[in-house]
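In: Need the 3D shape of this:
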Amino acid sequence: MTAQNRNKIWIWITSIVGGLILILAFGAMFLSARWKPILTEKIKESVYTSSKHLYKIDFKSINLNVITGSLALRDVTLTADTAVFDSLKTQKLAPAYIFELKLKKLQITGVGILTAYFKKQANVNAIILDKPSINMILNKVEKQPDTVKGDKTLYEQISKTFNSLHVKTVKIVDADFDYINKTGLKKTKNSIKHLNISINDFLLDSLSANDTSRFYYTKDISFELAGYKSITKDKMYSMKVDTITGSVASKKITVKGLKLTPLYPELTFARKYNIQKDRYDLAFDKVEFNGVDFMGLNSDQKLRARSLKIGPAKVEVFMSRESPPPPGFDKGQNYPHMALKRLNFPVDIDTVKLRNIDLKYSEYNPASKKTGSVDFKSLTGNILNFTNDTLQLKRNNHALADLNSLLMGTGKLNVKIDFNLTDKNGAFSYSGNLGSFDMKALNSLSKNLGLIEIESGNIQKVAFKANGNLRTATGSMSMLYTNLKVKLLSDNIDGQGTKEKGFLSFLANAVLVKDENPKKGESPRTATMTNTRINSASFFNLMWKTVFIGIKDIVGVGIVPEKNPVKQQKVIAKKIREQKRADRKEARKEKRDKN
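Out: Model (predicted):
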């Protein structure tokens, strides 16, 4: 074959292929133009019908390419008809959640048009919603009893048109998401930016509804929230989250880099309030829910999980005694098990796992004008049966905590707490033990808050147990120690620094304080302890102060009466007011002298 003939063949082939492309292009344009109004009407009708007339979809334009099987809708809105919702609510058929959607573009790719037409099988490669605005509204609705037969299934509603609907992936990219809760007395709203959601392998056919490996017809729904930042409504804290991820298939929700940071230093923060207010500084490296029941979370708004793992983390709490406690407020309602009971949604977690948490409580004492602190380093342990779910409480109404930590970073401390989750009086019991410990490590706490300096003292072992409730705690303890010596300090209300009470310190060590337990030739001393909580004292204040009463009794200073904390607060508040008036008077005098 000559070169000239070969060129002619290639020209014919090119002309035929080009002609076919032109025919297909014009055919595609013709079909697209013809199918656009049909598809527009069909889409709107399908959304309206399949949602029982609850939802309406609208869009500005539709672009269709029959060759590539792609479809694009622009300026899309999805709205709910409130009249239809109210009607469904009356019939007890209304869904708990209502959705509102706005987005610039909805992209659908890889649609098998011929398969859909000839086999009635709708196969889609991907559906992409780019930067949508989504409102998810939770309403309080009643459900019909299970014995009542429901309406047609989702498959039955599409079966006249398609035998199956299969979408490989649905992606929601960089969404603005608002969660609106209308179930309480007041409507609440939480906003999230930059949310990504992926839905994997959605299949709707005659069998998929009964496929237990699927969650609402999907193999998996996963989400990711990255870079969340906000300022709390009271403008006192900043909140930051690095990432929140979750997956239905793995039954897991993971939060990384969660921080709640005060916007003011400790005393500045406290002095912005006229009453005592706890200041929190929280940093959680990781919080992880495992074995999450997403079906129950969606349908019943119930958080059911096999475990919740928290840590590593740092938790710091600061409180100033300068200001009076809130009038009429009882911190007893914030006992851990009482606060759990007050949650407005059911929680049922088999095990809460605390891992490597550094916990620090600090308190400013205006009597010493110093801050005392107690540290629990590397707090680790488990809390079993963390629940407020009514059915679970009938089976087991006790939560058990078993916690280990290093007191002041050195003493090995174990504490076990048994919470009665149904007792109206907040009943609980606790026990614990502390290993060898240098008592001088407590000076940060005892000097600044108790006005007692520990010069020396070595603990060999402490063991205690007690029963408590909203008002009191009673129990017993033992403490073995040697070489205890203390100094008593004066307060700093009218001065510039705490001073040693020399004679009283000598008298205390010589007469009252027993420098060891047991004394040679004697049996170890034990103590009974009873403590009554005041309204401004917390759950943990009741626990440690009850133990402190036992310690005082064993070391020999139990006979020394404690100052009434309410009267002491009034005296301190009065002296602070007098000092402020004197400061203002002095400032006015200095101003006059300058003029």
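
In: Could you use CA atoms for every contact and neighbour count after this?
Out: Will do.

In: and residue 177, what is it in contact with?
Out: For residue 177, the contact set (C-alpha atoms under 8 Å, 6 or more residues apart in numbering) comprises 133, 134, 135, 136, 191, 192, 193, 195.

In: do residue 357 as well
Out: When contacts are counted by C-alpha under 8 Å, 6+ apart, residue 357 is found next to 311, 312, 313, 314, 315, 377, 378, 379, 380.

In: Strands - which of those land there?
Out: Residues from the contacts of residue 357 lying in strands, with DSSP state E as the criterion: 313, 314, 315, 377, 378, 379, 380.

In: quick one on the thing from earlier: export the contacts of residue 357 to CSV and tack on neighbour count and distance to residue 283?
Out: Below are the contacts of residue 357 laid out as CSV (neighbours: other C-alpha atoms under 10 Å; distance: C-alpha to C-alpha, whole Å):
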residue, neighbour count, distance to residue 283
311, 21, 9
312, 18, 9
313, 22, 6
314, 19, 5
315, 17, 7
377, 21, 14
378, 21, 14
379, 23, 14
380, 20, 16
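
In: so residue 370 makes contact with residue 364?
Out: Yes: Residue 370 sits in contact with residue 364 when judged by C-alpha atoms under 8 Å, with a separation of 5.8 Å.

In: what about those two, which has more around it?
Out: residue 364 (21 against 16; other C-alpha atoms under 10 Å).

In: who's that one bridged to?
Out: For residue 364, the beta-bridge partners under DSSP bridges are residue 320, residue 371.

In: try residue 351
Out: Beta-bridge partners for residue 351, by DSSP bridges, are residue 307, residue 384.

In: Next up, the contacts around it.
Out: By C-alpha under 8 Å, 6+ apart, residue 351 lies in contact with 306, 307, 308, 382, 383, 384, 385, 386.

In: Quickly note the distance from it to residue 308.
Out: Using C-alpha to C-alpha, to the nearest Å, residue 351 is found at 6 Å from residue 308.

In: I believe residue 277 is in a helix; please confirm or correct that.
Out: No: counting by DSSP: H, G, I helix; E, B strand; the rest coil, residue 277 is not found in a helix; it is coil.

In: Give the bridge partners for the residue nearest the centre of the chain, please.
Out: Among the residues of the chain, the one closest to the centroid is residue 287, at 8.6 Å (C-alpha atoms, centre = their mean). On the basis of DSSP bridges, residue 287 is bridged to residue 255, residue 310.

In: Confirm for me that it is in contact with residue 259.
Out: No: Residue 287 lies out of contact with residue 259 (C-alpha under 8 Å); the separation is 11.4 Å.

In: between residue 351 and residue 308, what contacts are shared?
Out: Here residue 351 and residue 308 have no joint contacts, going by C-alpha under 8 Å, 6+ apart.

In: contacting residues for the residue nearest to the centre of the chain?
Out: 254, 255, 256, 308, 309, 310, 311.

In: Which parts of the stretch 51-200 of the chain are helices?
Out: With DSSP state H, counting those that start in this stretch applied, the stretch 51-200 of the chain shows helices at 82-90, 113-119, 154-158, listed in chain order.

In: Lowest mean pLDDT across these, which one is that?
Out: In terms of mean pLDDT, the lowest-scoring of those is helix 113-119 (a mean of 63).

In: if we can go back for a sec, pick out whichever of the contacts of residue 177 sits closest to residue 535.
Out: Nearest to residue 535, judged by C-alpha to C-alpha, of the contacts of residue 177 is residue 191 at 35.8 Å.

In: burial of that closest one, as a residue count?
Out: Each residue near residue 191 was counted by other C-alpha under 10 Å, and the total is 12.
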